[in-house]
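following is a predicted model, sequence given first.
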Amino acid sequence: MRRSYGMAALALALAMTAVLGWIFLPTGEDALVRAREGRTLRVGYALEAPFVILSPQVVANDPELREAGVGGEAPTVLRAVLGRLGFNRVEWLRSDFGSLIHELESGRIDIIAAGMYITPAREVRVLFSRPTAHVRTGMLQLEGMDPPAKNLADLRSYPDRRLGVLAGAVELTLAGEAGLSPERVLAYPDAASALQALQNGRVEAMALSSVSLRYLEWMYPEGHFVLVDEAMPEAAPGRPALVFRKSDRRLRDAVDGVLAEYLGSAEHLAAVAEFGFTAADIPERAP
């Protein structure tokens, strides 16, 4: 009898747990609703100049200036758009580039602002805004490479030369398409690490967006670099964009509506010019 009572009690407890668990499960709350209620949107970023850069205050780890110190093309565009929507409460969360989509899917962040390219593989998992730029893949080499490689495919002719790329970036795929074997392609968590590897001789070339490499060449004139603006001339330009969860289509659509008016405007061009973007790097304005 006691055994029957105990089993019944256990069954009741499990049922109550299931019901309570169902009641208090996260509801997959709409990020647009939170933003309209004045609550915080969490934006994930990874460092890749000039898409994302940090000011000296952030490098010094000053918490009061951290948000203001996250800059570059992607945060600048996102701030302008969110401001027009009246969404001014933003928390900036730094991550490795290759982890951003996972953190978006897990709910740790609501938007990615990192110059992430639109690709078919990524579109299976996330939603993209309209492209905020059109950029080519470039290649950076140190002076003294004799002769310097003319593009990624030409790098195959020099079997002792290795290529540095960002983990999770499209250049990893492009290197394979150019015929470079996996052991010759080294992936790094951010552009600073890849550049350091180039300077220290761990790789002989570095592939990244040409606008990113132009910015690095400008920032480090003492590096004595040789820049190839189009390392994959036959490839279509990369299309960086803002990134959203599949469940946050309404937030993406709201952002896209503002982007249609903002991109290519005089205000937009002036805002991104300081990061090395020109009118040639910007998509045509929507009609």
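Sure thing, it's come through.

list the contacts of the one helix or strand R250 maps to.
R250 belongs to helix 249-262 when elements are defined using DSSP states H and E. Defining contact as CB atoms under 8 Å, 6 or more residues apart in numbering, one finds that helix 249-262 is touched by 30-32, 35, 77-78, 80-82, 84-85, 110-111, 127-130, 132, 242, 244, 268, 285-286. Quick note: C-beta positions are derived from backbone N, CA and C, even for glycine.

could you pull up the mean pLDDT of it?
Helix 249-262 shows a mean pLDDT of 97.

what's the following helix or strand after it?
Heading C-terminal from helix 249-262, the first helix or strand you meet, by DSSP H and E, is helix 266-273.

what mean pLDDT does that next one have?
On average, the pLDDT along helix 266-273 is 95.

so what secondary structure elements neighbour it?
helix 73-85 (3 or more CB pairs under 8 Å, 6 or more residues apart in numbering; DSSP states H and E).

to what extent is D160 buried, counted in neighbours?
By other CB atoms under 10 Å, 6 other residues sit near D160.

what do you get for the one 3 residues further on?
By the measure other CB under 10 Å, the count of residues near L163 is 27.

ok, now which ones touch it?
Here L163 is in contact with 139, 152, 155, 175, 180, 184-186, 203-207 (CB under 8 Å, 6+ apart).

in TSV: those residues, plus neighbour count.
Output for the contacts of L163, formatted as TSV (neighbours: other CB atoms under 10 Å):
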residue	neighbour count
M139	26
L152	28
L155	26
A175	26
L180	23
R184	19
V185	21
L186	18
V203	25
E204	21
A205	26
M206	29
A207	31
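
closest to M219 among these?
Closest approach between these and M219, by CB to CB: M206, at 13.9 Å.

mind listing the helices in the protein by residue range?
2-23, 31-36, 56-59, 66-69, 73-85, 100-106, 120-123, 170-177, 191-200, 210-219, 249-262, 266-273 (DSSP state H).

where among those is average confidence lowest?
It's helix 2-23: among the helices of the chain, that one has the lowest mean pLDDT, namely a mean of 40.

would you mark the buried spots in stretch 206-223?
By 16 or more other CB atoms under 10 Å, the buried positions in stretch 206-223 come out as 206-217.

please read off the pLDDT at the most centrally placed residue in the chain from the model.
Geometric centre of the chain, nearest residue: A114, 2.8 Å, by CA atoms, centre = their mean. At A114, the pLDDT value in this model is 96.
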